[in-house]
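# mind looking at a prediction? Sequence and model below.
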Amino acid sequence: MNTYKLTLISLLAAICVIGRIGFQFLPNVQPVTAIIIIASAMLGVLPGILIAIISTYLTNLFLGMGIWTIWQMIAWAVIALLSGLLGKYEKFNNIISFIIFSIAAAYIYGLIVNISSFTYAGNFFAYYLAGVPFDTMHAIGNGAFMLILYPILVRLFRHHKR
């Protein structure tokens, strides 16, 4: 990994931190998932996982640390892994596929984070159902951020590949 790629990962993580803190007044609406999906599909799995871990840790320093921090890192890392694998297929690399996957990723994220709640809350199903409206807000936010960020970031990453 060269200096340019490390700088790009750092900048994307910083954008995630600013975006997540800036949109904290809207529950579960932040650009983090969209950025991780695009970065993983275009740059690879490792950069996406690094962005996920760095941005989760830094934002939770401001928003509050807890057992959920680890599960948020795991959830976004799983999304980065799936995005990196899907990004290898040419048919996936269009805005419609990215929007559909980003909406699905919100529910994947919610499922993984809610699995952690089972360890201390006890009743997974009730806890998961209570979180579905927040997952839906996350899905709507992901679709909107993907619509806005996809053209910008794809152009940046294609320039990077040249």
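It's in. Residues are numbered from 1 along each chain as shown.

# quick one: the residue nearest the centre of the chain and Q24, what's the gap?
The chain has T33 as the residue nearest its centroid, 2.1 Å off, counting by Cα atoms, centre = their mean. To Q24, T33 is 15 Å away according to Cβ to Cβ, to the nearest Å. Using the backbone N, CA and C atoms, a C-beta is placed for each residue, glycine as well.

# ditto for L63
In terms of Cβ to Cβ, L63 sits 6 Å off from Q24.

# try S40
Distance, S40 to Q24, using Cβ to Cβ: 24 Å.

# starting at the chain centroid, how far to the helix or strand encompassing A13?
Applying DSSP states H and E as the criterion places A13 in helix 3-22. Relative to the chain's own centre, helix 3-22 is displaced by 12 Å; criterion: Cα atoms, centre = their mean, to the nearest Å.

# same question for stretch 15-24.
On Cα atoms, centre = their mean, the centre of stretch 15-24 falls 12 Å from that of its chain.

# which residues does F62 contact?
By Cβ atoms under 8 Å, 6 or more residues apart in numbering, the contact list for F62 reads I21.

# which of the residues in the biggest helix by length in the chain are buried?
Criterion DSSP state H: the longest helix present in the chain is helix 124-161. By neighbour count on 16 or more other Cβ atoms under 10 Å, the buried set for helix 124-161 is 127-128, 131, 134-135, 138-139, 141-143, 145-146, 149-150, 153-154, 156-157.
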